[in-house]
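>>> turn this into a structure:
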Amino acid sequence: MTDPAPGRTDFDFARLRRRPDVEAPNLQAWDAADRLLLDTAAADLAAAADPEQAGIVVIGDAYGALTLGAASRHGLSGLRVHQDPLSGEQALEANAAELGLTDVFTHHPLTPALVEGARTVLLRLPRSLAALEEIASLIAASAAPDVTVYAGGRIKHMTTAMNDVLSRYFGSVTAGLGRQKSRVLTAASPLPAEQRPAARFPLSQRYDVGLAQPLELWAYGAAFGGAALDPGTRFLLPHLAGARAAGHAVDLGCGTGAIAAYLALTRPDLRVLATDQSAAAAASAERTLAANSVADRTVVTRADALAPLPDKSEELIVLNPPFHIGAAVYAGIALKLFADAGRVLKPGGELWTVWNSHLLYKPALTRLVGPTREVARNPKFTVTVSTRR
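Residues are numbered from 1 along each chain as shown. Sure, this is the predicted structure:
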């Protein structure tokens, strides 16, 4: 570890935790890219201690390393922060409380107000080029003309296409030297509006899924899979005709809302709750449900799993579980969702799940929910129904 620069207080990254996100020995709350970002932007962050030079925005901070590191090292406050996952927001708040830094930042959605007048932006590069483009477009349109964007990540997850995306919106894009398998791209000089691509988010696509009308999906940049219909979801949808009769259903981890919309379209008397911890997914699902004319029978909630719902309260839950947390492949997130579904289902209630067959989730579903039977299987996906004991 390098010593802090003169006049700067170092920051103990090891004190950060991931809670309420999954915690495990191979998962930590910060990495070398966070340190490199803070070091690369150090001069601008130090200058921001002067109120006349303020305007610090942090986007994509996983668990608080960038926000709290910048505040602690440079005595900053008033940082505007956007994190897509709700668990990231909650971890930032918990870590801030632990470190006595609860008053140094505010949460913001990904809207112009987040970056209005910003002069320094710390950005953890998203893996999705669509997400990066939406962020770059927003900054170029709404930040201060002299804004500098420090965009960092792990080299194994970075591509030259990221430079290309930033170059569509900024006149200057440079790549810094790699350090500890991390790198920072620095973007400055936002291009005039007439030289930038027209805003294009959210995106939409229509799909024939055997209904009287096409299923229309909408997606903001950070929504996983964009406006594409996930192949596992496509395989699952027709089998939902065999799900139990219910007055209310939950689309858990709803993404862009395909399952929620399909349930509402195929069961006119059903009310559906769509829940996802991603801000982009929740906003996308709202657009999807409105586009399919079922918004009057559906509700979208941004939540950590099924946290808002009481025990033994639901009859039917449908889930296409993720198998990753950010860049890390980790089955624990699916197990967390299975366990929460088991908690929320009424006795006799059903959890319908589609999963990549090689993941072999059936024993876990039986243990965490109840007796589980295979409904359908193809070379890649398996559909199961688990009945709450």
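
>>> need phi/psi at residue 79.
Per-residue torsions, residue 79: phi -70, psi 130 (degrees, to the nearest 10).

>>> what's the answer for the one 5 residues further on, then?
When quoted as degrees, to the nearest 10, the phi and psi of residue 84 stand at phi -70, psi -50.

>>> list the residues that contact it.
Counting by CB atoms under 8 Å, 6 or more residues apart in numbering, residue 84 touches 60, 110, 222, 278-280. To be clear about C-beta, it is placed using only N, CA and C from the backbone, and glycine gets the same treatment.

>>> and it, how far is that from residue 334?
Distance of residue 84 to residue 334, given as CB to CB, to the nearest Å: 19 Å.

>>> one step back: can you tell me which of the contacts of residue 84 has the most neighbours?
residue 280 (28 neighbours; other CB atoms under 10 Å).

>>> ok, now which ones touch the closest residue to that one other than its chain neighbours?
Spatial nearest neighbour of residue 280, excluding adjacent residues (CB to CB, 6 or more residues apart in numbering): residue 222 at 3.6 Å. Neighbour list for residue 222: 84, 110, 126, 128, 130-131, 134, 278-281 [criterion: CB under 8 Å, 6+ apart].

>>> 6 Å instead?
Counting by CB atoms under 6 Å, 6 or more residues apart in numbering, residue 222 touches 84, 131, 280.

>>> tell me the secondary structure at it.
Three-state call for residue 222 (DSSP: H, G, I helix; E, B strand; the rest coil): coil.

>>> where's it relative to residue 145, distance?
Distance from residue 222 to residue 145, by CB to CB: 26 Å.

>>> equivalent analysis for residue 282, please.
32 Å.

>>> can you add pLDDT and distance to residue 47 and give the contacts of residue 222 back as CSV?
Shown next, in CSV, are the contacts of residue 222 (pLDDT from 0 to 100; distance: CB to CB, whole Å):
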residue, pLDDT, distance to residue 47
84, 97, 28
131, 97, 29
280, 98, 32
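
>>> dump those to a markdown table, plus distance to residue 198.
Listed next are these as a markdown table, based on distance: CB to CB, whole Å:
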| residue | distance to residue 198 |
| --- | --- |
| 84 | 23 |
| 131 | 18 |
| 280 | 20 |
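
>>> separation between the residue nearest to residue 268 when sequence neighbours are not counted and residue 31?
Nearest non-adjacent residue to residue 268, counting by CB to CB, 6+ apart: residue 297, 8.0 Å away. Distance check for residue 297 against residue 31: by CB to CB, it reads 43 Å.

>>> on that earlier part again, columns distance to residue 354 on top of the contacts of residue 84, output as JSON lines?
Listed next are the contacts of residue 84 as JSON lines, based on distance: CB to CB, whole Å:
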{"residue": "60", "distance to residue 354": "29"}
{"residue": "110", "distance to residue 354": "29"}
{"residue": "222", "distance to residue 354": "22"}
{"residue": "278", "distance to residue 354": "19"}
{"residue": "279", "distance to residue 354": "24"}
{"residue": "280", "distance to residue 354": "22"}
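
>>> residue 72 contacts residue 11, correct?
Yes. Counting by CB atoms under 6 Å, residue 11 is a contact partner of residue 72 at 4.5 Å.

>>> per-domain residue ranges of this protein.
Listed domain ranges for the chain are 13-195, 203-387 (source: automatic domain parsing).

>>> now do the last one: distance from first to last residue.
Between the opening and closing residues of domain 203-387 there is a gap of 37 Å (CA to CA, to the nearest Å).

>>> cool, and the first one?
Terminal residues of domain 13-195 lie 40 Å apart, using CA to CA.

>>> may I have stretch 265-273 exported as CSV, CA atoms only?
Listed next in CSV are the C-alpha coordinates belonging to stretch 265-273 (Å, rounded to 0.1, in the frame of the first residue of the first chain):
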residue,chain,number,x,y,z
LEU,A,265,-51.8,-10.6,-20.2
THR,A,266,-52.7,-14.3,-19.8
ARG,A,267,-54.7,-13.9,-16.5
PRO,A,268,-56.9,-10.9,-16.7
ASP,A,269,-58.1,-11.3,-13.0
LEU,A,270,-54.5,-11.6,-11.7
ARG,A,271,-52.7,-8.8,-9.9
VAL,A,272,-48.9,-8.9,-10.2
LEU,A,273,-46.1,-7.4,-8.1
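
>>> hmm, back to that, looking at residue 72 and residue 11, which is more packed in?
Between residue 72 and residue 11, counting by other CB under 10 Å, residue 11 is the more crowded of the two (22 against 19).

>>> what's the helix or strand for the more buried one?
Using DSSP states H and E, residue 11 falls within no helix or strand.

>>> quick one: which of the contacts of residue 222 is nearest residue 78?
residue 84 (21.5 Å; CB to CB).

>>> distance check, that closest one against residue 150.
Separation of residue 84 from residue 150 (CB to CB): 19 Å.

>>> check contacts around residue 171.
189, 191.

>>> now do the host helix or strand of it, average pLDDT.
Using DSSP H and E, residue 171 maps to strand 170-175. Strand 170-175 shows a mean pLDDT of 98.

>>> so what does whichever helix or strand comes after it touch, helix or strand wise?
Moving toward the C-terminus from strand 170-175, the next helix or strand (DSSP H and E) is strand 182-190. Contact partners of strand 182-190 among helices and strands, from 3 or more CB pairs under 6 Å, 6 or more residues apart in numbering; DSSP states H and E: helix 32-40, strand 148-154, strand 170-175.
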